[in-house]
Structures are given as structure tokens and as C-alpha cells.
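Engineer: sequence unavailable; structure follows:
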């Protein structure tokens, strides 16, 4: 598997003029360079007669590099949107598929998605990776340095991708992520979100990076830069650092808001 692959193995056999191939090629140009196809028949509530779902992800820093280059040309995109990276992807999906028929529907994995769709199990089913101890997708090439970005639901039956081997890189790994996490949130063997969130309330140690993610031995060559990690880890200070890096002046119309760690750290309430 190449690090710059665009098409899922299931789509390789389609004609190059097929809409899915053209869309994949267009979105690869902005760094959506990992694609998988999964059976979509269980999601007919989102698209009538849905048969297939194409999952688009970004591996490594290709998407970030394209986003930063867009900001160099259009610096207003950084300050004039609450979610500039999400909007960057949205614009390019619209250019890649400007007039989708009623038989297709796009849903982004974003702060303000078009509809709720749990991307994680679909990504695993579409052979884009395994679920890792960190709770992140673990890609065969990019390791944990991959982001799920969008899905295209279609009533067309596309060949689904074959599943990955059941054994993942986490199996038999000495798990350096467990000892790297300052919150001890992986002590049970998998990510304890509440413990992670509680640590964020106490400390700023993880405001610019995730030590556990950085310790993963998979996909080391595709690690995000320090600036990209900061942007994803802290939307407020990360955006300011990006603006400083690009020397973008102007009013911060939208201040990035970090997750509500207090809410995440609380145990779920029992139904009343």
C-alpha cells in the first residue's frame, strides 16, 4: 500500500471517468489521500436506498499543507470562519462534486456536520485501519496520523473493500503510549476519556500535543508538525500560533473553542 494512494482497492477497477474516481482524484489534490468503501445498506435513514459509502481520510500532513497554502492566498479564511479547516474541505468537496444527484449525499466529519454519522466503525469496516488503544484509527501506513474527514453515501452499489487482517499493530506492542500519557488514561489498556478530560482541566501539558500519540511506533514518518499538532490540540491558541507563523493580521472574528472538558470528565448520567 502506497502512502499517496487515492483509490481504495475496490475502486481501482472502475473506469477512470466514473464519478467516484474523478471525485477521489480531485480530493487527493488537497490531501484526502486515504479512501475506503463500505456497504451502506444500514444507513438508508440518511439516504434512501443507500447501497455504499465512500470514506475519505487525510493521512500525514498533505491536507494540512494544502490548507496552509490556501491561507497564504486567502488569509481571511483563517479569521472569518469558526472552523476554517472544515470549511476548506467543504469548499473542495463542492468543487469536486458540484451538483450531486439525489442518489448521493455528502456528510463531513466536522464540528458542524450535515448529519450524524459514526465514522470510526465505518473506517474500520472499509479497511482504513484498526481501532487502537488510543481510540484513534490506526492506518496500515500512516499509523495514528490520519483524520477522518468526509463520507459520500450513494445508492449505487460499489464493491466494498476487503477487511484488514484481524491482528492489528497494537497486538503484541509494548504499548509505549501507556507510559507516555501524563494522565495515566491508558492504564486499563484502552483510552479512558474521562481521565484524559480531567487531566486537561488540571494541566496545560497536553494543550499543544498528545504525548501518547507521539509515542506510537507506527507511521512515524507521517507525524504532524508541531504547529499542526498545536492547531488540532487547542483551537484557540493553535489558531493564533498559525496566524503568527503565516504573519496574518486582522480581527479574530471567531475564537476557537476547545472541548468542554468538564462535561467530558463527568460520568454519564443514568436515565431518570
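Structural biologist: Great, that's in hand. The structure displayed is predicted, hence computed values, not measured ones. Residues are numbered from 1 along each chain as shown.
Engineer: mind listing the helices in this protein by residue range?
Structural biologist: 19-28, 62-73, 76-79, 84-96, 119-125, 176-180, 193-202, 211-215, 226-233, 235-246, 261-265 (DSSP state H).
Engineer: now for these, which one comes closest to residue 102?
Structural biologist: helix 19-28 (13.9 Å; Cβ to Cβ). No exception for glycine: its C-beta is placed from N, CA and C like everyone else's.
Engineer: contacting residues around that closest one?
Structural biologist: 4, 6-7, 11, 14-16, 35, 54, 56, 92-93, 95-97, 150, 152, 154, 158 (Cβ atoms under 8 Å, 6 or more residues apart in numbering).
Engineer: repeat that for 7 Å
Structural biologist: Helix 19-28 has contacts (Cβ atoms under 7 Å, 6 or more residues apart in numbering) with 6, 7, 11, 14, 35, 54, 56, 92, 95, 96, 97, 158.
Engineer: ChimeraX command for the buried members of the residues you listed?
Structural biologist: Typed into ChimeraX, the line below selects the buried ones among the contacts of helix 19-28, using 16 or more other Cβ atoms under 10 Å:
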select :6,7,11,35,54,56,92,96,97,158
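Engineer: next step: the contacts of helix 19-28 restricted to strands.
Structural biologist: Among these, the ones falling in strands (DSSP state E) are 35, 54, 56.
Engineer: residue 137 contacts residue 146, doesn't it?
Structural biologist: Yes. With contact defined as Cβ atoms under 7 Å, residue 137 reaches residue 146; the gap is 5.6 Å.
Engineer: anything in contact with each of the two?
Structural biologist: Residues touching both residue 137 and residue 146 by Cβ under 7 Å, 6+ apart: residue 129.
Engineer: quick one: low-confidence parts of the stretch 151-272 of the chain?
Structural biologist: Judged by pLDDT under 70, the stretch 151-272 of the chain has its weakly predicted residues at 250-257, 268-272.
Engineer: thanks a lot, see you next time.
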